[in-house]
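**Student:** sequence and computational prediction follow.
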Amino acid sequence: MLDPIAAVALGIVLVIVLIAFARLNAFLALLISALSVSLLAPGDWELKIARVGQAFGTTAGKIGIVIALAAIIGKCLMDSGAADRIVRTCLRWIGEDRAPVALMTSGFVLSIPVFFDTVFYLLVPLARSLYRQTGKRYVQSILAIAGGAAITHTLVPPTPGPLVIADTLGVDLGRLIVAGIVVGIPAAWIGLVSAHFLDRMLPLPMRPYPGEQETPIPQDSELPPFWIAILPVILPVVLISSNTVAQVAAKNHDSWQVAARVLAVVGDPNLALLLSAFVAMATLARQRALSLVELGRRCEDALMSAGMIILITAAGGAFGAMLQQTGIGDRLPQLLSLESRQIGLLWLAVAFVIAAIMKTAQGSSTVAMITTAAMIASLFPTGELASHIQCDPTYLALSIGAGSLVFCWMNDSGFWVVARMSGLSEIEALRLWTVQAAVVGFAAFATTMALAALFPFI
């Protein structure tokens with residue numbers, strides 16, 4: 001059999017080549033790579049193909065429901081006007097003079113349950129409308145939206161990347177939600193400062209779209225109340241996080257036992273997202289006076305878009321499982337002494353750099369996160385990750401997420417979304433959005449390193 005290190009290296013190179021050069025769909029690239037690594041790994045020949053399918057099914061079973069429900073929530077937030085209400089309320093509270101802050105906050109919040117592309121599509125018209133009124137700070141508004149949305153997209157579940165990282169590294173989902181928000185807030189503010197300076201360096205005007213026609217802006221009376229609009233966003237965060245807190249408290253205080261049992265049910269990610277989806281669906285049906293048949297059609301549209309994400313993440317899980325089958329976890333200790341493995345914060349830097357390289361090579365932050373987490377997990381025996389990296393694996397997950405923001409360029413679909421929807425040329429997008437993404441990525445990583453140094457175990 002091939003040496004484990006060589007098998008892992010070939011698998012990683014194959015993923016990059018198939019996606020970046022052969023332009024193959026990420027699902028097929030990851031599946032082919034998983035099958036190839038499995039054939040190179042030890043084991044009975046009659047089981048080498050079957051175990052890829054088993055690993056695929058295991059990953060899909062863990063994350064499929066959550067991703068599908070998150071897609072429904074996002075679709076309902078958009079169609080009901082709830083997302084629009086959240087943005088308008090932020091603008092009202094913060095003030096139009098601080099519009100970039102409101103847009104950044106809106107992107108930050110909405111991108112927790114809604115995909116980055118969708119959030120950007122939603123908020124760009126508001127940035128363009130503000131420019132029509134003020135005639136200034138268009139670039140700052142665009143970069144504030146993109147920076148805020150990208151941070152939670154890569155750091156906070158239930159978006160697919162952080163969700164799979166949590167599962168792969170054995171990180172508690174509630175803990176990652178809270179930690180991702182804590183790390184994301186200072187990174188978002190640093191991104192806001194960066195957007196201000198980039199706007200001053202390259203103060204571009206807003207350009208009209210080809211054949212652009214003004215779309216009617218809904219009246220406030222057509223939008224749901226703010227507390228109803230925000231409920232599908234905060235409900236799963238509160239329930240999942242409360243479950244994490246209750247489980248920790250129950251270990252030390254018997255009085256928390258009953259609460260821990262209850263929250264273990266309602267705070268399970270699948271049920272928490274299902275309850276949130278029901279609220280979002282009810283809001284959409286009430287706000288738009290939809291029949292149950294029409295509501296079902298809207299949900300079907302969301303589920304079709306979620307299907308590809310589920311396939312990619314499940315294939316990534318299978319790829320990671322096959323990397324572990326090579327025996328890399330047993331081979332690596334022969335090359336690294338125990339002392340060199342227990343090097344604490346350096347492992348966070350290694351994870352950040354690997355994720356950044358993967359993102360630069362093939363473009364997708366989600367694929368970069370999935371692949372990097374699988375690589376890191378394959379290096380250590382199950383359950384021993386924390387002892388080897390000398391800190392909570394939550395920090396490792398955040399480092400991977402931060403690295404996946406660097407480097408956004410022309411092989412990234414998000415790059416083209418930002419460029420085309422903002423009216424930027426390729427060179428302008430490289431000078432603005434690529435720099436902005438790198439700033440927020442490094443800021444998130446620096447915050448993670450600082451917290452890991454101060455509070456190694458949380």
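**Tutor:** Now that the structure is in, tell me what you want to look at.
**Student:** if you count contacts, what does the longest helix along the chain end up packed against?
**Tutor:** Taking DSSP state H as the criterion, the chain has its longest helix at helix 292-325. Counting contacts by 3 or more Cβ pairs under 8 Å, 6 or more residues apart in numbering; DSSP states H and E, helix 292-325 packs against helix 4-16, helix 26-40, helix 50-80, helix 160-169, helix 269-288, helix 365-378. C-beta: built from backbone N, CA, C; applies to glycine.
**Student:** that helix versus helix 26-40: what angle between them?
**Tutor:** Helix 292-325 runs at 30 degrees relative to helix 26-40, counting by axes from the mean of the first three to the mean of the last three Cα atoms, to 10 degrees.
**Student:** helix 292-325 vs helix 50-80, what angle?
**Tutor:** Using the same axes, to 10 degrees: helix 292-325 against helix 50-80 is 150 degrees.
**Student:** how far off helix 4-16 does helix 292-325 point, in degrees?
**Tutor:** If you take the same axes, to 10 degrees, helix 292-325 sits at 150 degrees to helix 4-16.
**Student:** gap between L126 and A250?
**Tutor:** Distance, L126 to A250, using Cβ to Cβ, to the nearest Å: 44 Å.
**Student:** ok, now L405?
**Tutor:** In this structure, L405 lies at 36 Å from A250, with Cβ to Cβ as the measure.
**Student:** compare these two (neighbour count), which wins?
**Tutor:** Applying other Cβ atoms under 10 Å to L405 and A250 shows that L405 carries more neighbours, namely 32 against 18.
**Student:** can you pull the contacts of that one?
**Tutor:** Residues in contact with L405 (Cβ atoms under 8 Å, 6 or more residues apart in numbering) are A150, I151, T154, K359, S365, A437, A438, V440, G441, A444.
**Student:** from those, which is closest to M201?
**Tutor:** Set against M201, the nearest of the contacts of L405 by Cβ to Cβ is A438 (14.9 Å).
**Student:** can you list the helices and strands that the helix or strand containing the closest one packs against?
**Tutor:** Using DSSP states H and E, A438 maps to helix 435-454. Packed against helix 435-454 by the contact rule (3+ Cβ pairs under 8 Å, 6+ apart) you find helix 138-155, helix 173-201, helix 345-362, helix 393-403.
**Student:** give me the contact list for the helix or strand following the last one.
**Tutor:** Going back to what we said before, that points to helix 393-403. Proceeding N to C from helix 393-403, the next assigned helix or strand is helix 413-422, under DSSP H and E. With Cβ under 8 Å, 6+ apart as the test, helix 413-422 has contacts from 116-117, 120-121, 124, 142, 146, 150, 363-365, 408-410, 424-426, 428-429, 433-434.
**Student:** report the buried residues of helix 413-422.
**Tutor:** Judged by neighbour count (16 or more other Cβ atoms under 10 Å), helix 413-422 contains these buried residues: G414, F415, V417, V418, A419, M421, S422.
**Student:** picking that back up, just want the angle from the helix holding A438 to helix 413-422.
**Tutor:** 130 degrees.
**Student:** just the CA trace of helix 435-454, in PDB.
**Tutor:** C-alpha atoms of helix 435-454 as PDB (Å, rounded to 0.1, in the frame of the first residue of the first chain):
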ATOM      1  CA  VAL A 435      -8.300  43.200   0.400                       C
ATOM      2  CA  GLN A 436     -11.400  43.500   2.600                       C
ATOM      3  CA  ALA A 437     -11.900  39.800   2.800                       C
ATOM      4  CA  ALA A 438      -8.300  39.300   3.800                       C
ATOM      5  CA  VAL A 439      -8.600  42.000   6.500                       C
ATOM      6  CA  VAL A 440     -11.600  40.500   8.200                       C
ATOM      7  CA  GLY A 441     -10.000  37.000   7.900                       C
ATOM      8  CA  PHE A 442      -6.800  38.000   9.500                       C
ATOM      9  CA  ALA A 443      -8.800  40.000  12.200                       C
ATOM     10  CA  ALA A 444     -10.800  37.000  13.000                       C
ATOM     11  CA  PHE A 445      -7.700  34.800  13.300                       C
ATOM     12  CA  ALA A 446      -5.900  37.400  15.500                       C
ATOM     13  CA  THR A 447      -8.900  37.500  17.800                       C
ATOM     14  CA  THR A 448      -9.000  33.800  18.000                       C
ATOM     15  CA  MET A 449      -5.300  33.500  18.800                       C
ATOM     16  CA  ALA A 450      -5.700  36.200  21.500                       C
ATOM     17  CA  LEU A 451      -8.600  34.300  23.200                       C
ATOM     18  CA  ALA A 452      -6.800  31.000  22.900                       C
ATOM     19  CA  ALA A 453      -3.800  32.500  24.600                       C
ATOM     20  CA  LEU A 454      -5.900  34.000  27.400                       C
END
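**Student:** state the mean pLDDT of it.
**Tutor:** The average of the pLDDT scores along helix 435-454 is 96.
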